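Colleague: need the 3D shape of this:
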Amino acid sequence: MSNAQPAAGDLFQALVEYSSDAIVLADASGKMLFLSHTAERLLGYPISERLGRNIFDHLHPDDVGKAQALFEELLNEPRVPKTLVVRNLHHDGGWRYIEAVVVNRLDDPAVGAVVTNFRDITERRLAEDALRESEAKYRFFIERAVFGIYRSTEDGHILEANPALARMLGYDTVDEVMTLNMADIYQSAADRERLLESHRGQPGGTAEVRWKKKTGETMLVRLTARTIVGPDGHESYETIAEDITEKRALEEQLRRAQKMEAIGRLARGIAHDFNNVLAAVVGSADLLVHRYPSDHPAHVEAVEIRKAAERGAAFTRQLLAFGRRQALEPQAVDVHHAARAFESTLRRIIGAGVTLAIELPGQAPVVRMEPGQLEQVLMNLAVNARDAMPHGGTIAIRLDAVDVDKRNKAKYAGMPAARYARIAVKDSGVGMDPDLQRQIFEPFFTTKDPDKGTGLGLSIVYTIAKESGGTVMCTSAPGKGTTFEVLLPVTA
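Modeller: Numbers count the residues shown, from 1 in each chain. Now for the predicted structure:
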């Protein structure tokens, strides 16, 4: 067997002809002097048809300019490779993306040409274009999504975020959000730690948490997260955030409406029987009133019995109206006059051990409602205040008028600008924390013993105020007492 090595020229020829990259030699004008067999295969033209032609002849018109500019640079920079991507016309009539590495070797007598190595990257380029288009569509979807979308690391660093997240948190730009840590957004750091702990080792999940806006206002957010493990083994989280604060508020209103409907059904079941009992009490009281002279002690007591029965009848009418079975008969009510007329009854209801102070400043506001409704508001708020002071204290009731305008709009949020009668009932009792305040107007909710409260008093006050076009507000803190303010629209 011969151990002779092939001649250098033969070896060079074999390398050129069988290289996976096509090789073309051209002179300083761009005329092709040599093409390898790979060039014939990639371009689709026989070598004989291309030799002597210019390298720019089959380039896409939009690419000729940049190719010629690069060729001019090469002529001034021998032995410095230049790379470009151009479209070349294939023999089948289609355009192919060609990635070329070109070097000027005209100064080398052994080569004496511009050398071009090129490969067909059409499939790769089409794949890249498809990927870019897909990413653009994905980015378009993310940028215009109505929900907040972001990606964060386990330590809370925000890697990506969309404009909806910035709007949700009250920031002007995504860049502002990117400067935050997720720990800055959660109302409680413990909530985030619990959420991370539940996600570890899991592909994802859903949770409801409380976030803070830029203004400090809290919001309830539903998070749907997906865990991603990177090449380095570290986890990150792709998350969709939906602000459900308003949704939960609407659900709460529906729940409250359902409870109110339950009260209505209860009222309809007992009101008529209760009216029959009251009718007997009123009739008996009338007989006693007529039996005894006006200066007789029994006559005075009979009158008080009749008044109490009439108030009970008014309360029954309220329950029937609450149950939508009896229409209210509103009329103009002088708030100060009604309070003075009800004061003696109110003092008896509150009892000893509690100091009651009633203040009626300024001109008496007039509201349009059923007179018994105003008494119900005063009675329920006063009884509630008394029960909040088991060891005695002071109840201060103030009935005046207030104008809701731009100066106090924040305090009376949601109320139309107008003049309102204000009933403020303040006690020096135990007070309430925020969680308790969120439940006080719910029907049947009470912190009292079962034999001391039904949980209907404040819900009736709330209903009366809302149906009259007003509202009820509560200000309280543990150990600092409570103040209820009822606003009722003033009538002419």
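Colleague: drop to CA atoms for contacts and neighbour counts, all remaining ones
Modeller: Will do.
Colleague: before we move on, which element is Val101 in?
Modeller: Per DSSP states H and E: Val101 is located in strand 95-104.
Colleague: and that strand, what does it pack against?
Modeller: helix 61-76, strand 82-89, strand 114-120, helix 122-143 (3 or more CA pairs under 8 Å, 6 or more residues apart in numbering; DSSP states H and E).
Colleague: CA atoms only for the third one, dumped as CSV, please.
Modeller: Output for strand 114-120, consisting of C-alpha atoms alone and laid out as CSV, is shown next (Å, rounded to 0.1, in the frame of the first residue of the first chain):
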residue,chain,number,x,y,z
VAL,A,114,-11.7,38.6,-3.3
VAL,A,115,-12.6,35.4,-1.5
THR,A,116,-16.2,34.8,-0.5
ASN,A,117,-17.4,32.0,1.7
PHE,A,118,-21.2,31.8,1.9
ARG,A,119,-24.0,29.5,3.1
ASP,A,120,-27.8,29.4,2.6
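Colleague: and that strand, what does it pack against?
Modeller: Counting contacts by 3+ CA pairs under 8 Å, 6+ apart, strand 114-120 packs against strand 22-26, strand 95-104.
Colleague: want to throw the ones you listed into JSON lines with mean neighbour count?
Modeller: Shown next, in JSON lines, are the helices and strands packed on strand 114-120 (neighbours: other CA atoms under 10 Å):
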{"stretch": "strand 22-26", "mean neighbour count": "23"}
{"stretch": "strand 95-104", "mean neighbour count": "21"}
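Colleague: of those strands, which is nearest Ala69?
Modeller: Proximity to Ala69 (CA to CA) singles out strand 95-104 among these, at 12.5 Å.
Colleague: so how far is the closest one from its chain's centroid?
Modeller: In terms of CA atoms, centre = their mean, to the nearest Å, the centre of strand 95-104 is found 53 Å from the chain centre.
Colleague: how are the strands of the stretch 201-350 of the chain distributed by residue range?
Modeller: Ranges of strands in the stretch 201-350 of the chain, per DSSP state E, counting those that start in this stretch, are 204-212, 218-229, 235-243, 331-334.
Colleague: roughly how far apart are the residue lying closest to Thr491 once chain neighbours are set aside and Arg422?
Modeller: Nearest residue to Thr491 in three dimensions, chain neighbours excluded: Val367, at 5.1 Å (CA to CA, 6 or more residues apart in numbering). Relative to Arg422, Val367 is positioned 10 Å away (CA to CA, to the nearest Å).
Colleague: identify the contacts common to these two.
Modeller: Leu488 (CA atoms under 8 Å, 6 or more residues apart in numbering).
Colleague: nearest residue to Thr206 other than its sequence neighbours?
Modeller: Nearest non-adjacent residue to Thr206, counting by CA to CA, 6+ apart: Thr224, 4.4 Å away.
Colleague: give the contact list for the one you found.
Modeller: Contact partners of Thr224, counting by CA under 8 Å, 6+ apart, are 204-207, 239-241.
Colleague: okay, and the beta partners of it?
Modeller: Beta bridges link Thr224 to Thr206, Ile240, judged by DSSP bridges.
Colleague: how is the chain divided into domains?
Modeller: Segmentation of the chain into domains, based on automatic domain parsing, reads 8-122, 145-243, 254-489.
Colleague: CSV for the helices and strands packed on strand 95-104, including mean neighbour count?
Modeller: Formatted as CSV, the helices and strands packed on strand 95-104 follow (neighbours: other CA under 10 Å):
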stretch, mean neighbour count
helix 61-76, 14
strand 82-89, 18
strand 114-120, 22
helix 122-143, 13
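Colleague: and these: which comes nearest Gly470?
Modeller: With CA to CA as the criterion, Gly470 lies closest to helix 122-143 of the helices and strands packed on strand 95-104, at 41.8 Å.
Colleague: in the stretch 251-400 of the chain, which spans are helices?
Modeller: Counting by DSSP state H, counting those that start in this stretch, the stretch 251-400 of the chain has these helices, from start to end: 297-322, 335-350, 371-387.
Colleague: okay, these in a markdown table with mean pLDDT, distance to Gly30 and mean neighbour count next?
Modeller: A markdown table is the format used below for the helices of the stretch 251-400 of the chain (pLDDT from 0 to 100; distance: least, CA to CA, whole Å; neighbours: other CA atoms under 10 Å):
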| stretch | mean pLDDT | distance to Gly30 | mean neighbour count |
| --- | --- | --- | --- |
| helix 297-322 | 76 | 96 | 18 |
| helix 335-350 | 88 | 102 | 16 |
| helix 371-387 | 87 | 99 | 21 |
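Colleague: possible to save these as JSON lines with distance to Ile142?
Modeller: Formatted as JSON lines, those follow (distance: least, CA to CA, whole Å):
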{"stretch": "helix 297-322", "distance to Ile142": "48"}
{"stretch": "helix 335-350", "distance to Ile142": "57"}
{"stretch": "helix 371-387", "distance to Ile142": "51"}
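Colleague: before we move on, back to that, okay, the helices and strands packed on strand 95-104 in a markdown table with distance to Tyr150 and mean pLDDT next?
Modeller: What follows is the helices and strands packed on strand 95-104, written out as a markdown table (distance: least, CA to CA, whole Å; pLDDT from 0 to 100):
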| stretch | distance to Tyr150 | mean pLDDT |
| --- | --- | --- |
| helix 61-76 | 40 | 91 |
| strand 82-89 | 36 | 91 |
| strand 114-120 | 39 | 85 |
| helix 122-143 | 9 | 78 |
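Colleague: reformat these as JSON lines; add distance to Val383.
Modeller: Converted to JSON lines, these look like this (distance: least, CA to CA, whole Å):
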{"stretch": "helix 61-76", "distance to Val383": "88"}
{"stretch": "strand 82-89", "distance to Val383": "86"}
{"stretch": "strand 114-120", "distance to Val383": "89"}
{"stretch": "helix 122-143", "distance to Val383": "55"}
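Colleague: tell me which of these sits nearest to Leu254.
Modeller: Leu254 lies closest, by CA to CA, to one member of the helices and strands packed on strand 95-104: helix 122-143, at 32.9 Å.
Colleague: picking that back up, deepest-packed of the strands of the stretch 201-350 of the chain, please.
Modeller: Highest mean neighbour count among the strands of the stretch 201-350 of the chain (mean count of other CA atoms under 10 Å): strand 235-243, with a mean of 20.
Colleague: related to what we said a few turns ago, and of the strands of the stretch 201-350 of the chain, who's closest to Arg53?
Modeller: Arg53 lies closest, by CA to CA, to one member of these: strand 218-229, at 54.5 Å.
Colleague: by how many degrees do the closest one and strand 235-243 diverge?
Modeller: With axes from the mean of the first three to the mean of the last three CA atoms, to 10 degrees applied, the angle from strand 218-229 to strand 235-243 works out at 150 degrees.
Colleague: what's the angle between strand 218-229 and strand 204-212?
Modeller: Using the same axes, to 10 degrees, strand 218-229 lies at 140 degrees relative to strand 204-212.
Colleague: mind checking how far the residue nearest to Thr491 is from Ile423?
Modeller: Taking CA to CA as the measure, Val367 falls 12 Å from Ile423.
Colleague: circling back: and Ala130, which of the domains of the chain is closest to it?
Modeller: When these are compared by CA to CA, domain 8-122 sits nearest Ala130, at 12.0 Å.
Colleague: how far is the closest one from where the chain is centred?
Modeller: 60 Å.
Colleague: list the contacts of the residue nearest in space to the middle of the chain.
Modeller: The centre of the chain sits closest to Asp243, judged by CA atoms, centre = their mean, with a distance of 1.8 Å. Contacts for Asp243 (CA under 8 Å, 6+ apart) come out as 147, 168, 219-222.
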